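**Q** What would the 3D arrangement of this be:
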Amino acid sequence: MIEQPESVRTEARSRRTAALVLFAFVFLSATSGTLRAQEQEQRRDPVWEAQVIDELRAIDPEAVPLFEAATVALDNEDFSAAMAGFGAVLDLAPGFDHALRRKSHALGQLGYSNAAVVAAKEALALNPQSPYNKAVLAEAFLNNDARSDDNRALVLAEEAVRDLPDDAYANTVLGLAGLEMGDLEAIQRAGDQLVALGEQDPFGHLLLGVAAAENEDWDKARSRLDTATALGLSQSVADGILAQEPEPAADAPWEYPAAVVALWLMALVVVGLLGRRLNDRTLRLLDASAVAGEVGISPREQRMRTIYRWTVVAAGFLFYASLPFLLVIVMASGVLVFWAMINAGLIHIGVLVFLGISIPYTIWAVFKSILYRVPGGDRGRRLERHEAPALFALAERIASEAETDPIHAILLSPGVEVAVVEHSDRPLLRRGAERQLILGLGTLNGMTIAQLTSVLAHEYGHFVNGDTAGGTVAYRTRLSMAVMATELAHAGLAGPYNAAWLFLDMYHTLFLRISQGASRLQEALADRIAARINGPDTLAAALTHVVRQQFIFDDQVATEVDDISRNTRAISNIYQLPLPDYVDDPYWFEKRLAAALTGRDAELDSHPPLEHRLAYVATLPQTTMSANSADAWSLFTDPAQIRATMTYETAQRIAAHGIRVAFETQSTSTVLEPGTYRAVERT
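**A** Below you'll find the model as predicted:
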């Protein structure tokens, strides 16, 4: 799902950081020659080279001339000959990591980025302590298209620099990794060291210029970039970085208000049409992928993800750009109504009171939507490892099979939901974010461990595909709209008489239509990973269970709350409530699904309809699946205690919505008064 929201100040810095990360891609290609030259300079030291040759001679003397010829070819940028030569060396000396490392360079320069990663991994596996092998693998990761490896590249580069603090090549890779990850500390450290190693190195001054720009020290940034250009850096690169310097506020938009409003409305129309077109194309692409039996992310899907990411970001920024216009419209409408009453000679006290309350409150709701931040603890109760060691072990095993980092925390919520987020107090930098699994306990009733395995594998698919690492603007936009809608609704201002509500309703629909295709593409790609790990049949059963349990659990709790509101009594354990009577009807599930597929909410749902989703999952290849039919609740050490704790939390939420509710245990009785989370009676 999403990260913790940021302030307006942080969003401005996020735009600049995104631009610097974009320049990192330029650096990765533009500095490849620098990397080669530095690698050759470091590795061709005669003493070092003699040690390498002696090591190879001890393995197979016949491989020595082949290795020397391949090294000469690499230095002369004859990468095809170098690749073939090092391959021949490896045929004679399979465990010679120096040949694998240099072969990785040749493969990378020939554009075989995936093969370069494989060769570098093999070299590191043969000699895990070699800082040179770590640096080469980090470089290979950075040149690869798989963005999920960027964090690993940064870790490897830092380890290489720790062992080789005075090595220009290792520090250059660290600087590139820092740019890629937006890690300001790594950028600054690499730049300082490169400049200290040699004043003739433009890349060190470039890194320090980027770091100064990120710290808004534009004079220092300009000085560093001037030095870098004097040493050979392209002027266009320096100009691109300095272009991020904020311009003085211009008065032109307010001198031509009609043109500004026209551009605003045009932007709304263009973004809406573009989003609708992308949405339609994405849904057709998913249908085509199902027919083709895709099991990974196809190039077309990857391109669509990239286009969508920037389109959704543009729509998010447009929302915030629209808020000043909205405030002007709200205040202007109040002035217009007051002016009309004056001209008509009719001063209505009730209207004046309404305007005096509604306009300031609407302005407050808009500002609150911008500044609101979600505390990390609001997502659920943190589960301790000793409370469910088997659940944590299951999650870690699935992470290993998905080839990604495991979750760091499990947060329990009362209802039916399973989701993942990456939470960080520094949302601009992906490093250090806590991976959280939000597990709704209402999902577990009637669920097997095999089905839960498929659901968790699906959620890990979102981590693998990078769905949680980005998306900060999209989440911030959705959160702002939700906060504004809640504030207006609580104040009774959610109606056609309020311009802010009309705009919010329109833009919310627009934003959902734009992001629907991207969300459904994310779900389909995560389903592929879940099917690969635990089989499509188990995944289909798990998806069906979650939707079925959503209907049942919501109805169970609604019935319980209704009874509590009419008869103040102790709340029953919400995870052991009787099943609704309608479950005796063998066709009840199909009827509820059919009803859910109609209406505006179903049309804008981010998840595909269950029927379409099951049909898509059925096209995925069969794999070995878990046959563990044990109850998912058995993963907890004390399920009864967990159920009681979350029932009490539900009682608190009911009380917060104005219903007096009691909660009983074997030794205590608590009454929660309406509108509080506070126990006011205890015996």
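
**Q** Regarding the protein, what is its longest helix?
**A** Looking across the chain with DSSP state H, the single longest helix is helix 299-344.

**Q** Show me what the helix or strand that that helix is followed by is in contact with.
**A** Sequence-wise, the next helix or strand downstream of helix 299-344 (DSSP states H and E) is helix 349-371. For helix 349-371, contacts defined as C-beta atoms under 8 Å, 6 or more residues apart in numbering pick out 7-8, 320, 323, 326-327, 330-331, 334, 337-338, 341, 479-481, 483-484, 487-488, 491, 493, 498, 500. C-beta coordinates here come from the backbone N, C-alpha and C atoms, glycine included.

**Q** If any of those are buried, put those into a PyMOL selection.
**A** Buried residues within the contacts of helix 349-371, by 16 or more other C-beta atoms under 10 Å, are selected in PyMOL with:
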select buried, resi 320+323+326+327+330+334+337+479+480+481+483+484+487+488+493+498+500
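
**Q** And residue 526, how far from residue 519?
**A** Residue 526 sits at a distance of 11 Å from residue 519 (criterion: C-beta to C-beta, to the nearest Å).

**Q** which of the residues in stretch 126-139 are buried?
**A** Buried, per 16+ other C-beta under 10 Å, within stretch 126-139: 126-127, 130-139.

**Q** Just put those residues in CSV and tack on pLDDT, secondary structure and distance to residue 172.
**A** Output for the buried residues of stretch 126-139, formatted as CSV (pLDDT from 0 to 100; DSSP: H, G, I helix; E, B strand; the rest coil; distance: C-beta to C-beta, whole Å):
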residue, pLDDT, secondary structure, distance to residue 172
126, 89, helix, 24
127, 89, coil, 21
130, 88, coil, 17
131, 90, helix, 14
132, 88, helix, 13
133, 87, helix, 16
134, 89, helix, 14
135, 87, helix, 9
136, 87, helix, 12
137, 87, helix, 15
138, 85, helix, 10
139, 86, helix, 9
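
**Q** I'd like the residues you listed laid out as a markdown table, including distance to residue 99.
**A** Listed next are those as a markdown table, based on distance: C-beta to C-beta, whole Å:
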| residue | distance to residue 99 |
| --- | --- |
| 126 | 10 |
| 127 | 12 |
| 130 | 13 |
| 131 | 18 |
| 132 | 13 |
| 133 | 12 |
| 134 | 17 |
| 135 | 16 |
| 136 | 12 |
| 137 | 15 |
| 138 | 19 |
| 139 | 17 |
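
**Q** Determine which two of these are furthest apart.
**A** 126 and 139 (17.5 Å; C-beta to C-beta).

**Q** where are the low-confidence patches of the stretch 201-350 of the chain?
**A** 247-258, 283, 286-296 (pLDDT under 70).

**Q** where does the stretch 451-600 of the chain have low pLDDT?
**A** For the stretch 451-600 of the chain, counting by pLDDT under 70, the residues that fall below are 468-473, 596-600.

**Q** Which parts of it are helices?
**A** 472-490, 499-534, 536-566, 588-596, 600-603 (DSSP state H, counting those that start in this stretch).

**Q** now the stretch 101-250 of the chain
**A** So, for the stretch 101-250 of the chain - with DSSP H, counting those that start in this stretch - the helices run 113-126, 131-143, 150-163, 168-181, 184-197, 202-214, 218-230, 235-242.

**Q** Let me know the angle separating the last one from helix 218-230.
**A** Relative orientation of helix 235-242 versus helix 218-230 (axes from the mean of the first three to the mean of the last three C-alpha atoms, to 10 degrees): 170 degrees.

**Q** Check the third one too.
**A** Taking the same axes, to 10 degrees, helix 150-163 and helix 218-230 form an angle of 80 degrees between their directions.

**Q** tell me which residues in helix 150-163 are buried?
**A** 150-151, 153-154, 156-161.

**Q** quick check, nearest of those to residue 547?
**A** residue 151 (34.2 Å).

**Q** That closest one contacts residue 181, correct?
**A** Yes - if you go by C-beta atoms under 8 Å, residue 151 and residue 181 touch, sitting 6.4 Å apart.

**Q** For stretch 222-234, which outside residues touch it?
**A** Contacts for stretch 222-234 (C-beta under 8 Å, 6+ apart): 30, 200-203, 205-206, 208-209, 212, 235, 238, 241-242.

**Q** actually stretch 76-93, not the one I typed
**A** Contacts of stretch 76-93 (C-beta under 8 Å, 6+ apart): 36, 56, 59-60, 62-63, 66-67, 69-71, 73-74, 96, 99-100, 102-103, 105-107, 109-110.

**Q** Show me which of those are buried.
**A** Buried by 16+ other C-beta under 10 Å: 36, 56, 60, 63, 66-67, 69-71, 73-74, 96, 99-100, 102-103, 105-107, 109, out of the contacts of stretch 76-93.

**Q** circling back: of the buried residues of helix 150-163, which is the nearest to residue 456?
**A** For these, the nearest to residue 456 is residue 151 (21.3 Å; C-beta to C-beta).

**Q** quick revisit: just the buried ones among the contacts of stretch 76-93: which are in strands?
**A** Judged by DSSP state E, strands contain none of the buried ones among the contacts of stretch 76-93.

**Q** Who are the contact partners of residue 633?
**A** 444-445, 639.

**Q** swap the cut-off to 10 Å and go again
**A** Contact analysis of residue 633 by C-beta atoms under 10 Å, 6 or more residues apart in numbering lists 388, 441, 444-447, 449, 452, 575, 639-640, 642-643.

**Q** Quick check: phi and psi at residue 586.
**A** Backbone geometry at residue 586, expressed as degrees, to the nearest 10, gives phi -60, psi -10.

**Q** ok, it - how many residues close by?
**A** Burial of residue 586 is recorded as 7 neighbouring residues (other C-beta atoms under 10 Å).

**Q** now residue 570
**A** 14.

**Q** And for residue 143?
**A** Counted with other C-beta under 10 Å, residue 143 comes out at 23.

**Q** how near is it to residue 109?
**A** Applying C-beta to C-beta to residue 143 and residue 109 gives a distance of 9 Å.

**Q** again with residue 647
**A** Residue 647 is 62 Å from residue 109, by C-beta to C-beta.

**Q** ok, now residue 566?
**A** Counting by C-beta to C-beta - residue 566 and residue 109 are separated by 75 Å.

**Q** so what's the closest residue to residue 308 other than its chain neighbours up against?
**A** Distances taken as C-beta to C-beta, 6 or more residues apart in numbering place residue 518 nearest to residue 308, at 4.0 Å, with adjacent residues excluded. Residues near residue 518 by C-beta under 10 Å, 6+ apart: 275, 278-279, 282, 304-305, 307-309, 311-312, 467, 471, 474, 606.

**Q** What of residue 557?
**A** Contacts of residue 557 (C-beta under 10 Å, 6+ apart): 414-416, 442, 571, 574-575, 577, 650, 654.

**Q** Quick check on these: which are buried?
**A** Buried among those by 16+ other C-beta under 10 Å: 414-416, 442, 571, 574-575, 577, 650, 654.

**Q** State the pair within the residues you listed that is farthest apart.
**A** The widest separation within the buried ones among the contacts of residue 557 (C-beta to C-beta) is 17.9 Å, between 416 and 571.
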